[in-house]
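S.K.: Got a predicted model here, sequence first, then my questions.
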Amino acid sequence: MAEILRTVQVHGVDLFGPLLWPLVWVVLKVVLLLAPVLFIVTYITLAERKVIGAMQVRPGPNRVGFFGVLQPLADAVKLIFKETILPEKADKGLFLLAPLLTLVPALLSWAVVPFSPELILANVNIGVLYILAISSLGAYGIIMAGWSSNSRYAFLGAMRSVAQMVSYEVSMGFTLIPVILLTGSLSLVDVVEHQRTWWNIIPLAPMFFIYFISVVAETNRTPFDLPEAEPELVAGFFTEYSAMSAGLFLMGEYANIVLVSFLGALVFLGGWLPPVSWLSFIPGLIWLGVKAGFLMFVFLWIRATFPRYRYDQLMRLGWKVFLPVSLAWIFLTGLMLQLTQGVGGG
Amino acid sequence: MGLDLKNLLRSFALMELAQGMAVTLKHMFKPYITVQYPEERTPLSPRFRGEHALRRDENGEERCVACKLCEAVCPAQAIYIEIDPQSSSEKRLTRVYDIDETKCIFCGFCQEACPVDAIVMGPNFEFFGSRRSDLYYDKQRLLANGERFSSVLNACIAADAKYR
């Protein structure tokens, strides 16, 4: 992989000149990164319908193309050609900006997600912190959508959604802290490489489960999809949205699912490392894909299985169960590290 | 009250969730039971009440004797009949026999009331119209239906005869 990158670099400088090349190279890298991500985002919608269909003993979409493979394209064409309705009393600027503000943070985080030790757009040494910071921005898009729609349902949905996201971000952040303690670095590459002996899921299994449940809540998925609880709130914060502006919200939701699946695979499941060393002939990219794909499948699996939570149950789970448990685990991890390695100067 | 330790531990170990997810996973590998409608169809009962049809007898004459029992029994008043006063044949015949399918509630009383098995409800449920007038069936259309589905209608009546 490093060989290919180097030859591309050399030829690129020849082709574009030393001044223009860095710019072209960055754009090229962004496109090469985002194209597969958006591809996964479109096809996870199909996967969702297929998986849930199979779990409900029905075939799912199978009309558009062989096995329904063109269904996401048909959906996209439909969404694009529909009319984007602007409510008369909406704040037009914010109303149109809000979907972008939910989608863009989900895509921005990919900048620091490593696919292998070399395949990473920006190998910053604060990768975990960056992702936590960027993913909190998604809440702004949602509250803007709810506020600017000037509709009761959208507003209440946005309130719920933001309260939920903020609550679960806390426990999600706390589940990542023991990992950082173990690794001693905020860089995602270091986090993965540190799992050579043990994947983090072995010493931190409860943290992995809390992380996963928190991100399900964070991405507003079933069983925590209260923001769009149809019987009470129509469609939650995007009640007033139609056509592609609603489509962008959905894309943001799915992009977030893909992102947190990759993050979970990197942080807890050993990223590109094979489970046993004799399996290392399979490239790391495939291992990462398999692990993240499994987590995405669990997202769909959960949606097909569980009924929706009540709002007070959701808040109780977040603040009264996950928060103390993850705090206790941080304490335990710190204590164990102090006792075994004397981290922190003793 | 007291804490139920066993249940608490089960909850913390996510046992209930695992059980539920095992059920859905098991179902995922079952073959699906969906009937792919336009290509596959569910079997229809001989008593199925679909689109109306007027039958003819073996000699090709209309069975209907204009007794108006169906018109009288119809709870939705969807049937309109006029007797043909200048009928040349020995039988009484209808001049007008209209059924408004938009009014019809598909109760099947008309075919129950009919003493000569003339008006029947056929096996066809795939009829539609883009205007109301498309669903106002006159005698010609009902007789055409009778010819179109005659074999199925005869089979249905034969299959159901022993229960009547």
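M.R.: Structure's in. What do you need?
S.K.: Neighbours of B:Cys58, how many?
M.R.: That one is not Cys; residue B:58 is Glu. 6 (other C-beta atoms under 10 Å in any protein chain shown). The C-beta positions use only the backbone N, C-alpha and C, and glycine is treated the same way.
S.K.: Roughly how far does it sit from B:Asn154?
M.R.: 10 Å (C-beta to C-beta, to the nearest Å).
S.K.: Same check on A:Asp75?
M.R.: For A:Asp75, the distance to B:Asn154 - C-beta to C-beta - is 47 Å.
S.K.: Which of the helices and strands in chain B ranks last by mean pLDDT?
M.R.: helix B:5-12 (a mean of 77; mean pLDDT, DSSP states H and E).
S.K.: Give me the buried positions along whatever helix or strand comes next after that helix.
M.R.: With elements assigned by DSSP states H and E, the helix or strand that comes after helix B:5-12 is helix B:15-28. Buried residues in helix B:15-28, defined by neighbour count with 16 or more other C-beta atoms under 10 Å in any protein chain shown: B:Leu17, B:Gly20, B:Met21, B:Thr24, B:Met28.
S.K.: so which helix or strand takes in B:Asn95?
M.R.: No Asn there; residue B:95 is Arg. B:Arg95 belongs to strand B:94-100, assigned by DSSP H and E.
S.K.: Give me the next element, helix or strand, following the helix or strand of chain A with the lowest mean pLDDT.
M.R.: Lowest by mean pLDDT, DSSP H and E among the helices and strands of chain A is helix A:230-233, with a mean of 68. Reading on from helix A:230-233 to the C-terminus, the next helix or strand found by DSSP H and E is helix A:243-267.
S.K.: tell me what the helix or strand immediately after that next one in the chain is packed against?
M.R.: Sequence order places helix A:284-305 as the next helix or strand after helix A:243-267, per DSSP H and E. If you count contacts as 3 or more C-beta pairs under 8 Å, 6 or more residues apart in numbering or on different chains; DSSP states H and E, helix A:284-305 packs onto helix A:2-55, helix A:205-218, helix A:243-267, helix B:15-28.
S.K.: out of those, nearest to B:Gln111?
M.R.: helix A:2-55 (39.6 Å; C-beta to C-beta).
S.K.: do the closest one and chain B meet at all?
M.R.: Yes: Helix A:2-55 lies within reach of chain B by C-beta under 8 Å from any C-beta of the partner chain, at A:Val51, A:Gly53, A:Ala54, A:Met55.
S.K.: Ranking by neighbours, what's the top pick from those?
M.R.: Most surrounded of the residues of helix A:2-55 next to chain B: other C-beta under 10 Å gives A:Met55, at 23 neighbours.
S.K.: Quick check: residues of chain A near chain B?
M.R.: Residues of chain A lying near chain B (C-beta under 8 Å from any C-beta): A:51, A:53-59, A:209, A:301-302, A:304-306.
S.K.: Could you identify the buried members of those residues?
M.R.: A:Val51, A:Gly53, A:Ala54, A:Met55, A:Gln56, A:Pro59, A:Phe209, A:Trp301, A:Ile302, A:Ala304, A:Thr305, A:Phe306.
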